[in-house]
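J.: Turn this into a model:
(one chain, ligands or ions: 2)
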Amino acid sequence: MSAQLELFPAAPPPSGSLRESERKLQALYDRMAGQFGLSPATIVVTARRATGGVIQYGSPHIIRISAFMSEEDRKETLLHETAHAICHERWGPCEGHSPRFWVIARRLGVTRKSAPETERLAAIRAANARYAYRCIGCAEEWTRRTPFGRARLCASCEGKGRPSRLVLVRRPKRTSR
Ligand SMILES: [Zn+2]
Ligand SMILES: [Zn+2]
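T.: Ligands and ions are numbered 1, 2, ... in the order given. Have a look, this model is predicted:
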């Protein structure tokens with residue numbers, strides 16, 4: 001298992017500006033909740049998400065939005081999560097990103113289909129990018145940040161006296177979308 005990089009930023013955005021952003025987004029949600037008859041939600045702008053947002057259904061719902069996005073992208077993310085709240089109200093918790101979810105999201109003003117690639121997310125992706133090798137003998141998987149220059153043997157199999165070759169099974173994904 002490769003270790004995941006912590007999502008804490010090197011320099012978190014100043015908390016005062018996050019509280020201000022939360023107040024605006026909260027006011028926007030409350031307006032839409034009145035309009036669509038939605039359950040209350042608590043809006044949290046957090047430095048623990050690299051991008052995008054998530055809604056946790058409950059009383060109240062909790063909507064978490066990444067602090068690493070522009071104000072405009074935070075607003076769009078809130079609209080996306082509000083579309084989930086509307087679907088939840090109408091059809092229950094399992095609607096996901098269904099066609100009728102996207103119809104509602106578009107009506108609210110959502111234009112993006114996925115969260116923006118923030119600098120923070122790019123840094124985490126780069127740090128987590130791994131080359132994966134599988135042993136053709138024992139099927140053990142090994143990961144490395146840099147590829148092997150030439151053929152390698154599985155250390156585990158070699159230790160047991162039956163040398164076995166590693167084959168490349170995965171490269172780091174390109175981050176372009
Ligand atoms: Zn979604
Ligand atoms: Zn092996």
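J.: next one: stretch 40-51 to chain centre, how far?
T.: 12 Å (Cα atoms, centre = their mean, to the nearest Å).
J.: Pull out the buried residues from that stretch.
T.: Along stretch 40-51, these residues count as buried under the neighbour rule (16 or more other Cβ atoms under 10 Å): 41, 43, 44, 45, 46, 47, 49, 50, 51. C-beta coordinates here come from the backbone N, C-alpha and C atoms, glycine included.
J.: Spatially, which two of those are the most separated?
T.: When those are compared pair by pair using Cβ to Cβ, the farthest-apart members prove to be 41 and 50, with a separation of 21.7 Å.
J.: Dump the buried residues of stretch 40-51 to TSV, plus distance to residue 96.
T.: TSV is the format used below for these (distance: Cβ to Cβ, whole Å):
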residue	distance to residue 96
41	18
43	21
44	22
45	24
46	22
47	27
49	19
50	21
51	19
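J.: looking at this, residue 163 is in a helix?
T.: No. The assignment for residue 163, made by DSSP: H, G, I helix; E, B strand; the rest coil, is coil rather than a helix.
J.: Could you tell me which residues of this structure lie near ligand 2?
T.: Residues of the chain found near ligand 2, taking Cβ under 5 Å from the ion as the criterion, are 135, 137, 138, 140, 154, 156, 157, 164.
J.: Going by neighbour count, which of the residues you listed comes out on top?
T.: Within these, neighbour counts (other Cβ atoms under 10 Å) peak at residue 154, which reaches 22 neighbours.
J.: what residues go with each domain of the chain?
T.: The record, using automatic domain parsing to delimit domains, assigns the chain the ranges 15-116, 129-170.
J.: Redo the ones you listed as CSV? Include mean pLDDT.
T.: Converted to CSV, these look like this (pLDDT from 0 to 100):
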stretch, mean pLDDT
domain 15-116, 96
domain 129-170, 89
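J.: so where do the strands sit in this structure?
T.: Residue ranges of the strands in the chain, as given by DSSP state E, are 41-46, 53-56, 61-66, 131-135, 141-144, 166-170.
J.: Tell me which of the ones you listed lies nearest to residue 34.
T.: Ranking these by distance to residue 34, with Cβ to Cβ as the measure, places strand 41-46 first at 12.2 Å.
J.: I'd like to check the angle between that closest one and strand 61-66, please.
T.: Orientation of strand 41-46 against strand 61-66 (axes from the mean of the first three to the mean of the last three Cα atoms, to 10 degrees) gives an angle of 20 degrees.
J.: So what touches strand 41-46?
T.: Contacts of strand 41-46 with the rest of the structure, by Cβ atoms under 8 Å, 6 or more residues apart in numbering, involve 18, 21-22, 25-26, 29, 33, 55, 60-67, 74, 78, 85.
J.: how far away is residue 159 from residue 136?
T.: Here residue 159 is placed at a distance of 16 Å from residue 136 (Cβ to Cβ, to the nearest Å).
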